[in-house]
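**Q** sequence? don't have it. structure:
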């Protein structure tokens, strides 16, 4: 049901913002795929929010640089909501969850659909598809934990992980 709902919603949003059937298909896949990908990152406190902020920043910058208020606004709105939730999510007092992560990803996918030309949309869609496919074989959590820089960014603002007591 979730796959169907996200897919139909992605296509509907793309249909409202695209001109050709190809652009509707690419936009729908990008919106739905982005929703799913954001949810795949929502396994640790603050992770999906951080990924959303990092992914949204170039979309916001591009919209502002081009003087595109619609594109900039579509990137700024989910980023603002995510930033407002970051402290609560990092502090484990609230969590984004499936609904929040899917919404964050879908709105950033919509921002990409509106802001980027077809080559840019195809490049982002290819990245979303590649990361989603990779997640079937490789654990994002394991990759993040194994990379010192990514691990540091992931832990930024989070409570330290409690270590199990060692027996003597």
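**A** It's in. Quick caveat, the model's predicted, so the values are computed rather than measured.

**Q** next helix or strand past the helix or strand that residue 80 is a member of?
**A** Here residue 80 sits within helix 69-90, counting by DSSP states H and E. Past helix 69-90, further along toward the C-terminus, the next helix or strand under DSSP H and E is helix 97-115.

**Q** Next, the angle from that following helix to helix 69-90.
**A** Orientation check (axes from the mean of the first three to the mean of the last three C-alpha atoms, to 10 degrees): helix 97-115 against helix 69-90 gives 160 degrees.

**Q** Buried residues of helix 97-115, list them for me.
**A** Within helix 97-115, the residues scored as buried using 16 or more other C-beta atoms under 10 Å are 100-115. All C-beta spots, glycine's among them, are computed from the backbone N, C-alpha and C.

**Q** what does stretch 79-93 give?
**A** Of all the residues in stretch 79-93, those buried under the rule 16+ other C-beta under 10 Å are 79, 81, 82, 85, 86, 89, 90.

**Q** Kindly state the pLDDT recorded for the spatially closest residue to residue 56 that is not a sequence neighbour?
**A** In this structure, residue 56 finds its nearest non-sequential neighbour in residue 79, 4.3 Å apart by C-beta to C-beta, 6 or more residues apart in numbering. On the pLDDT scale, residue 79 is placed at 95.

**Q** Over to residue 69?
**A** Note on residue 69: pLDDT of 86.

**Q** Might one say that it is in contact with residue 63?
**A** Yes. When contacts are counted by C-beta atoms under 8 Å, residue 69 is listed as touching residue 63 (7.3 Å).

**Q** Mind checking which of the two has more residues around it?
**A** More neighbours surround residue 63 than the other of residue 69 and residue 63, with 22 against 11 (other C-beta atoms under 10 Å).

**Q** Could you look up the SS state of the more buried one?
**A** With DSSP: H, G, I helix; E, B strand; the rest coil as the basis, residue 63 sits in helix.

**Q** Who are the contact partners of it?
**A** If you count contacts by C-beta atoms under 8 Å, 6 or more residues apart in numbering, residue 63 has them with 69, 70, 71, 72, 73, 74, 75, 111, 115.
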